[in-house]
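J.: This is a predicted model, with the sequence first.
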Amino acid sequence: MGARAQYVVVENGTWRRYYSHWAAGRVADDLLAGPAAATRRFRADREIDQWLDDVWCEGAALVDHDRRTLLWFASPDGWADHLAARAVLVRTWPGWDVRFAHDGLGDLTRHLGLGREAARTPGWFETFEPAGFAYTEYGEPHSVASLRLPDGSVRAWGSDWEPIEHLAGGPGLIGHLAASPATPVLTDMPYGGVHFDPDARMVSLWAVQTVAGVHDWPLPGWEGWTLDFRGEDHTAQAGLLPVDFPFPRPSLAAALRALGDGLGTPPPDHGALLARAAAAPGPEDATPAVTPAARAPREPADPTPAELAPLRMVIAALVAEAEAEEALP
């Protein structure tokens, strides 16, 4: 299975879709050098006439030259990596509205006037009745759940669930959460968080990943509750966490330096992997086959030296700013 990505380029009143079988992990990297380089990159891939869906599409971008809007999403390697890419894009796409597509392809199709459901199959959002809380002895939690108790204090737990899954479980999760034992303190930033305030009947959620369905509020079971969706901003929950359960402070400077180190790195060559897979013995009378899309490498369309030079300057400036801030007590 590849890491499938979909791109949309809008120009002169028309839009076209493109597809890459392997590029979902490089969506942010392909955007860093700015609109011209990104558009050239995406147009080098195969044009298609259909949408992927939220299951198969692991990264996407919409570049709207007419409205100077960039929408994108991909699974980040971590909180700091997401913020590093976001900081660079704000500077290399000057004059553009740069937004992370928290609703996944739903944000892209809505921007095109097609509605959020255009790339989704019926019943795509699944709710469930929680039988417990999500802590399962994680190495690092995927998210943090916090709860304001009747006495006004707040407790917090690390969670293996993605942020949106806490809402898919409905308000019934709150009782399980309150009865849960303490979880280990955080040693790295999670991908998101959710805070429950039962007395105010309010839920607050933030994430640096997609939280598809968050705009369909109220989700089943949450009628009469208010959702405070914070986008990528974790600071509201940070201000609520107990003093013995704070968010860590990963180095943004280190993540920015890693972005700079990766500039100009070509996409991985999957030819050897595919050859081994095709040569592996299969069930009797079965013949291994590799789809043409998987065999086709991405055409070279990397940023030019003239495009990389200002990008390196932007990253260097951001690294200096981050280092200065991190040096403060």
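T.: Perfect, I can see it now. Predicted model, so just to flag it, every value in this text is computed and none were measured. Numbering: from 1, shown residues only.

J.: Buried residues of the helix or strand containing Ala36, list them for me.
T.: In this assignment (DSSP states H and E), Ala36 forms part of helix 35-43. Residues of helix 35-43 classed as buried by neighbour count (16 or more other CB atoms under 10 Å): Pro35, Ala37, Ala38, Thr39, Arg40, Arg41, Phe42. (C-beta placed from N, C-alpha, C; glycine too.)

J.: what comes into contact with that helix?
T.: Here helix 35-43 makes contact (CB atoms under 8 Å, 6 or more residues apart in numbering) with 7, 9, 11, 18, 30-31, 61, 63, 65, 70, 93, 96, 301-304, 307.

J.: Kindly list the main-chain dihedrals of Val9?
T.: For Val9, the backbone dihedrals (degrees, to the nearest 10) come out as phi -120, psi 120.

J.: Show me what counts as buried in whichever strand or helix holds Leu318.
T.: For Leu318, the enclosing helix or strand under DSSP H and E is helix 305-326. Neighbour counts over helix 305-326 (16+ other CB under 10 Å) mark Glu307, Leu308, Leu311, Val314, Ile315, Leu318, Val319, Ala322 as buried.

J.: So which other helices or strands are in contact with it?
T.: Judged by 3 or more CB pairs under 8 Å, 6 or more residues apart in numbering; DSSP states H and E, helix 305-326 is in contact with helix 79-92, helix 252-261.

J.: Now Thr121. Nearest residue, chain neighbours left out?
T.: Nearest non-adjacent residue to Thr121, counting by CB to CB, 6 or more residues apart in numbering: Asp53, 6.2 Å away.

J.: Distance check, that neighbour against Val10.
T.: Distance, Asp53 to Val10, by CB to CB, to the nearest Å: 21 Å.

J.: Next: Val98.
T.: Distance of Val98 to Val10, computed by CB to CB: 15 Å.

J.: got the contact list for the closest residue to Pro220 other than its chain neighbours?
T.: Leaving out its chain neighbours, the residue that sits closest to Pro220 by CB to CB, 6+ apart is Thr127, at 5.0 Å. The contact partners of Thr127, taken as CB under 8 Å, 6+ apart, are Ala168, Gly169, Gly170, Leu219, Pro220, Gly221.

J.: Helices - which of the residues you listed land there?
T.: Under the assignment DSSP state H, those contribute Ala168 to helices.

J.: what kind of secondary structure is Gln194 in?
T.: Check again: residue 194 is Val, not Gln. Put simply, Val194 is strand when judged by DSSP: H, G, I helix; E, B strand; the rest coil.

J.: sorry, back to before: closest to Trp161 among the buried residues of helix 305-326?
T.: Of all the buried residues of helix 305-326, Trp161 sits closest to Ala322, with 30.3 Å by CB to CB.

J.: For the closest one, which residues are in contact?
T.: Ala322 is in contact with Ser251, Leu252, Ala253, Leu256, counting by CB under 8 Å, 6+ apart.

J.: at 10 Å instead, please
T.: Taking CB atoms under 10 Å, 6 or more residues apart in numbering, we find Ala322 in contact with Ala80, Leu83, Ala84, Ala87, Ser251, Leu252, Ala253, Ala254, Ala255, Leu256, Arg257.

J.: So which of these wins on neighbours?
T.: Each of the contacts of Ala322 was scored by neighbours using other CB atoms under 10 Å; the highest score is Ala84's, at 30 neighbours.

J.: Skipping adjacent residues, who's closest to it in space?
T.: Counting by CB to CB, 6+ apart, the residue nearest Ala84 is Ala255, at 3.8 Å.

J.: what's near enough to touch the one you found?
T.: Ala255 makes contact with 76-85, 87, 318-319, 322, according to CB under 10 Å, 6+ apart.
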